[in-house]
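Asker: mind folding the following:
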Amino acid sequence: MVKYPERITFTRNIPSLPRYCKPSFCSPYAVISNSSCHRRLSTIPQSLHEGFFRDTSRRWIFNEVDRLKERYVEFRPSELQRVAGEVMQQDEYPDIAKLAEGGFNKVFILRAKNGREILSRIPTSIAGPPHCTIASEVATMDFLRHVLKLPVPKIFDYSTKDLEGKPQIPVMEDFVIGPVCTRQFWHGERSKTEIDRGPWLSTLDCVTSAARRELAIIQRHAKAQPRQTFLLPTNYKIHPSEHTSLLSQFLQHPDLSLSNIVLAPGSSKIISILDWQDAATLPRFMQAGYPALCEHDSSQPQSLEIPSLPDDFDEMKANLYYMAATAVHNEEHMKVLKTPHLGMQRYLLRQTGYPWDADVINLRAALVGITTPSVWSNITSASCPVAFSKEEREAALAESQEWNESEQLLSRVRAHLDIDPEGGTEPGNFERAIEGNRQFRIEMVKQAEAGQEEICWRNWPYKDQDDHSMPPQI
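Answerer: Residues are numbered from 1 along each chain as shown. Presented below is the predicted three-dimensional model:
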């Protein structure tokens, strides 16, 4: 259970709600008025606060109990109002209402009688290590705002524990580079295990840290698991050694999506950039690439030649415009974008860093791709430290193609059901998504080859983890 003052951050006062905010998330009961006195607030029944503590904006069509537990955060709203009142220099408590919530944070808006508003954000249990995550994001935002003069929110107050004893690298007065707070380094058993989280003094240490992390975790905790890809049905279990054998021979920036960019009402002027809690100091080539806001597909441009302007120029992909703007405004970034096979290198590093989940298909395919002689020779003159036989390469690429087809199908299923990869959806769509998911699962069994019905039913990804049911008789 988390109680104030732990894990709380106040951000800047806002003249009006930014475009992305959706006050409709606020349930009528989830508002506490400032007309109540301190004593009255302190005795408000727990049931009134439940709308603050639990996630009320989403439903999950599978594993819902787990998703709700991950996002449940108990705190003292009256204490939050008291501190917010002090920040705004108000004698009375400001009104409080839940503004928005996601997988990693709950955002509350506190409004004083004079109309002044501030936002307060409380992380959930899956946001990362509570103290490191807040300390890192606060320091990052302070650095970006006051040193680099970027439009990020002003932080009025926050609470966390000191990072005394953690490894640090001084950057300038008041700022140091500390251990990375990226969630992959703290996921599950990783949070309880002594692993190298930096700061790193060399590129080699940085890019190999994820592989060394997964090796340590797999060797201590991993057990054989069924393959995760549902279109490749099999009773064969993937042993952790298959993953470590790939990691031992070889060998991430925040989500710059539209939801994290706040525009001034009625204009395209950026007034704030949010969500820095996953920011990490890494080598430039690991940071280079195209931001999520471009909404480009996986077929990134392979040529830097300036295109002629076609009739449908206004409809061209945003990543092409981003690349052109980068060449004009960020020459150093552009140099990195010209790195041979940069996309393949970054893909390999991402696959190396993902926590093991019984899927070695993508990691193996990434290694097969980057060790192809024609690719490897364009990256380095050093000899390749690993070799795959022709049969191994063909098998890896065939599996990868099957995996991609599987993901494309699942993407269409999610779009039809209007769910996210965790099964989350708007409450009003919940019943329709449940029924649609049931029909899709049955249809997969109908199309299964003879003798494969049970495996297809079991491998359906959108089901509760404790669902051990048998397929219906069709």
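Asker: residues contacting residue 411?
Answerer: With contact set as C-beta atoms under 8 Å, 6 or more residues apart in numbering, residue 411 has no partners. Heads up, the C-betas are built off the backbone N, CA and C, glycines and all.
Asker: sec struct for it, please.
Answerer: Of the three states, residue 411 takes helix under DSSP: H, G, I helix; E, B strand; the rest coil.
Asker: relative to residue 292, how far out is it?
Answerer: 16 Å (C-beta to C-beta, to the nearest Å).
Asker: walk me through the domains of the chain.
Answerer: According to automatic domain parsing, the chain comprises the domains 8-123, 389-459.
Asker: now these in JSON lines, with mean pLDDT and distance to residue 211?
Answerer: Supplementary listing: these in JSON lines, determined by pLDDT from 0 to 100; distance: least, C-beta to C-beta, whole Å:
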{"stretch": "domain 8-123", "mean pLDDT": "73", "distance to residue 211": "26"}
{"stretch": "domain 389-459", "mean pLDDT": "92", "distance to residue 211": "18"}
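Asker: give me whichever of the ones you listed is most buried.
Answerer: domain 8-123 (a mean of 17; mean count of other C-beta atoms under 10 Å).
Asker: quick revisit: to residue 324, which of the domains of the chain lies closest?
Answerer: domain 8-123 (26.1 Å; C-beta to C-beta).
Asker: all strands for the stretch 351-474 of the chain, in order.
Answerer: Ranges of strands within the stretch 351-474 of the chain are 424-425, based on DSSP state E, counting those that start in this stretch.
Asker: residue 61 touches residue 417, doesn't it?
Answerer: Yes - under the criterion of C-beta atoms under 8 Å, residue 61 makes contact with residue 417 at 7.4 Å.
Asker: shared neighbours of the two, anything?
Answerer: Shared contacts of residue 61 and residue 417 (C-beta under 8 Å, 6+ apart): 425, 433, 437.
Asker: which single one of those is nearest to residue 268?
Answerer: Distances from residue 268 to these, taken as C-beta to C-beta, are shortest for residue 425 (30.4 Å).
Asker: bridging residues for the closest one?
Answerer: Beta-bridge partners recorded for residue 425 (DSSP bridges): residue 59.
Asker: can you read off the pLDDT for residue 373?
Answerer: We have a pLDDT of 91 for residue 373.
Asker: excluding covalently adjacent residues, which one is nearest to it?
Answerer: Computed as C-beta to C-beta, 6 or more residues apart in numbering, the closest residue to residue 373 that is not its neighbour in sequence is residue 384, at 7.7 Å.
Asker: OK, contacts around that neighbour?
Answerer: 371, 373, 376.
Asker: so what's the closest residue to the first one other than its chain neighbours scoring on pLDDT?
Answerer: Okay, so that is residue 371. Spatial nearest neighbour of residue 371, chain neighbours left out: residue 384 (5.3 Å); criterion: C-beta to C-beta, 6+ apart. You'll see residue 384 listed with a pLDDT of 88.
Asker: spatially central residue for this structure, please.
Answerer: Most central in the chain under C-alpha atoms, centre = their mean is residue 255, positioned 7.2 Å from the mean C-alpha point.
Asker: can you give me the strands in the stretch 1-150 of the chain?
Answerer: 8-13, 31-32, 59-60, 95-101, 105-111, 117-123.
Asker: those: which one's closest to residue 137?
Answerer: With C-beta to C-beta as the measure, strand 8-13 is the member of the strands of the stretch 1-150 of the chain nearest residue 137 (7.6 Å).
Asker: show me the shaky parts of the stretch 101-250 of the chain.
Answerer: 161-173, 221-250 (pLDDT under 70).
Asker: now with 90?
Answerer: 102-104, 114-117, 119, 121, 123, 125-144, 146-148, 150-250 (pLDDT under 90).
Asker: show me the helices in it, by range?
Answerer: 130-146, 203-221, 240-247 (DSSP state H, counting those that start in this stretch).
Asker: packing partners for the first one?
Answerer: Put plainly, it is helix 130-146. strand 8-13, strand 117-123, strand 157-159 (3 or more C-beta pairs under 8 Å, 6 or more residues apart in numbering; DSSP states H and E).
Asker: hang on, isn't residue 441 packed against residue 459?
Answerer: No - shown here, residue 441 and residue 459 do not form a contact pair, counting by C-beta under 8 Å, at 10.1 Å.
Asker: chain neighbours aside, what residue packs nearest to residue 387?
Answerer: residue 371 (7.4 Å).
Asker: my read: the one you found touches residue 383, true?
Answerer: No - the criterion here is C-beta under 8 Å, and residue 371 misses it with residue 383 at 10.9 Å.
Asker: the two: which is more packed in?
Answerer: Neighbours per residue, other C-beta atoms under 10 Å: of residue 371 and residue 383, the larger number sits with residue 371, 19 against 6.
Asker: ok, that one - contacts?
Answerer: Neighbour list for residue 371: 384, 386, 387, 388 [criterion: C-beta under 8 Å, 6+ apart].
Asker: surely the last one touches residue 366?
Answerer: Going back to what we said before, that points to residue 388. No - using C-beta under 8 Å as the test, residue 388 is too far from residue 366 to be in contact (11.9 Å).
Asker: find the residues that touch each one of the two.
Answerer: With C-beta under 8 Å, 6+ apart, residue 388 and residue 366 have no common neighbours.
Asker: so if I had to pick from the two, which one is more boxed in?
Answerer: Shown here are residue 388 and residue 366; by other C-beta under 10 Å, residue 366 has more neighbours (23 against 16).
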